[in-house]
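> sequence? don't have it. structure:
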């Protein structure tokens, strides 16, 4: 009994020493879990302030009639009803889809070819890579101004060079059939180097022994590319295609600088229509309705591509 009486105070002291240590461990674990969220907080704030909140506000405004000056008036689904009876706006959606079909396959295919060239070892490879990325570093407005100068029928060096081969570029931007393809070509030219960087990273992540094994098995260069390299580039291709589709539907700068939707609205895409409705006609409610439909279309295409990727894209290269 005396022995237990002397031991109890020692055990109590040990318990008191362990309690703060346990609290410190809990605090450390909490700090470790909270640290990643602390680092993403600035970016998360930017996404909420400049992406999510504007989308929600546009959704609310789309159910109103508002000229940006007076008080908005709730009109229900009147703007959406007007949209589905507005032939011009519907044609703009179709034209944006055409623009995506013109740009995305072209710049994706060219980016893969360019990435394959970048992977090769040759003198000046670093300089070669930088040259093809420079257009992406420029703003679309600058690229549009440069291209407008290059294809000018009287002073443009590109137009004069092509004229030696009987190709006349003088009225590309004034043609109802060539204006939109010309803008699509310029857009693809601007972003092909940027997309090639992603494909280059994807190519470098593919183990070399796979290509060597296929070569030893007698596979040709084309067979190795088509049956090995291209499938393993699936995740990269998915990312590039999804982002390019989103960017294609959001195209505005090139159209605004080069044609302003002309001639005869042949190059008017839906984003230019939204700008015109909101900031020229001051019909913010209808412009927001068009923007919300565009948002839903982009979301639908993104979901379809991701669902397709779950079945056909290869992620495991082991």
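Yep, it's here. The shown structure was predicted, so the numbers you read here are calculated from the model rather than taken from an experiment.
> Can you list the low-confidence ranges for the stretch 201-318 of the chain?
312, 314-318 (pLDDT under 70).
> Would you map the helices across it?
208-216, 221-224, 230-232, 234-249, 253-258, 270-279, 284-312 (DSSP state H, counting those that start in this stretch).
> need those in CSV with distance to residue 26 and mean neighbour count, can you?
In this view, the C-beta of every residue, glycine as well, is placed from N, C-alpha and C. Formatted as CSV, those follow (distance: least, C-beta to C-beta, whole Å; neighbours: other C-beta atoms under 10 Å):
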stretch, distance to residue 26, mean neighbour count
helix 208-216, 47, 12
helix 221-224, 54, 12
helix 230-232, 44, 16
helix 234-249, 39, 19
helix 253-258, 52, 21
helix 270-279, 51, 20
helix 284-312, 39, 17
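> Using JSON lines, lay out those together with distance to residue 155.
Converted to JSON lines, these look like this (distance: least, C-beta to C-beta, whole Å):
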{"stretch": "helix 208-216", "distance to residue 155": "48"}
{"stretch": "helix 221-224", "distance to residue 155": "43"}
{"stretch": "helix 230-232", "distance to residue 155": "43"}
{"stretch": "helix 234-249", "distance to residue 155": "31"}
{"stretch": "helix 253-258", "distance to residue 155": "16"}
{"stretch": "helix 270-279", "distance to residue 155": "27"}
{"stretch": "helix 284-312", "distance to residue 155": "37"}
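> Can you check which of the ones you listed gets nearest to residue 181?
Closest approach to residue 181 among these (C-beta to C-beta): helix 253-258, 12.2 Å.
> Need the contact partners of that closest one.
Contact with helix 253-258 is made by 139-141, 143-145, 147-148, 173, 179, 182-183, 186-187, 261, 267-269, 271-272, 275, as judged by C-beta atoms under 8 Å, 6 or more residues apart in numbering.
> Repeat the analysis, applying 10 Å as the threshold.
The contact list for helix 253-258 (C-beta atoms under 10 Å, 6 or more residues apart in numbering) reads 95-96, 99, 139-145, 147-148, 151, 172-173, 179-180, 182-184, 186-187, 190, 261-262, 267-269, 271-272, 275-276.
> just to revisit the earlier point, out of the helices of the stretch 201-318 of the chain, which comes closest to residue 69?
helix 284-312 (9.7 Å).
> Tell me what angle the closest one forms with helix 234-249.
160 degrees (axes from the mean of the first three to the mean of the last three C-alpha atoms, to 10 degrees).
> relative orientation of helix 284-312 and helix 270-279 in degrees?
Angle, helix 284-312 to helix 270-279, by the same axes, to 10 degrees: 160 degrees.
> And helix 284-312, how far out from the chain middle?
Helix 284-312 sits 13 Å away from the centroid of its parent chain (C-alpha atoms, centre = their mean, to the nearest Å).
> helices or strands next to it in the packing?
helix 53-61, strand 64-65, helix 78-83, helix 87-119, helix 234-249, helix 270-279 (3 or more C-beta pairs under 10 Å, 6 or more residues apart in numbering; DSSP states H and E).
> In the protein, which residue is most central in space?
The centroid of the chain falls nearest to residue 243 when counting by C-alpha atoms, centre = their mean (2.8 Å).
> Spit out the contact partners of it.
Residues near residue 243 by C-beta under 10 Å, 6+ apart: 104, 191, 194-195, 198, 302.
> ok, now how distant is it from residue 250?
As defined by C-beta to C-beta, to the nearest Å, residue 243 lies at a distance of 11 Å from residue 250.
> Residue 227 against residue 211, yeah?
No: with contact defined as C-beta atoms under 10 Å, residue 227 does not reach residue 211; the gap is 11.0 Å.
> who touches both of the two?
Common neighbours of residue 227 and residue 211 (criterion: C-beta under 10 Å, 6+ apart): residue 219.
> Nearest residue to residue 268 in space, please, no chain neighbours.
Closest residue to residue 268 apart from its sequence neighbours, by C-beta to C-beta, 6 or more residues apart in numbering: residue 261 at 3.3 Å.
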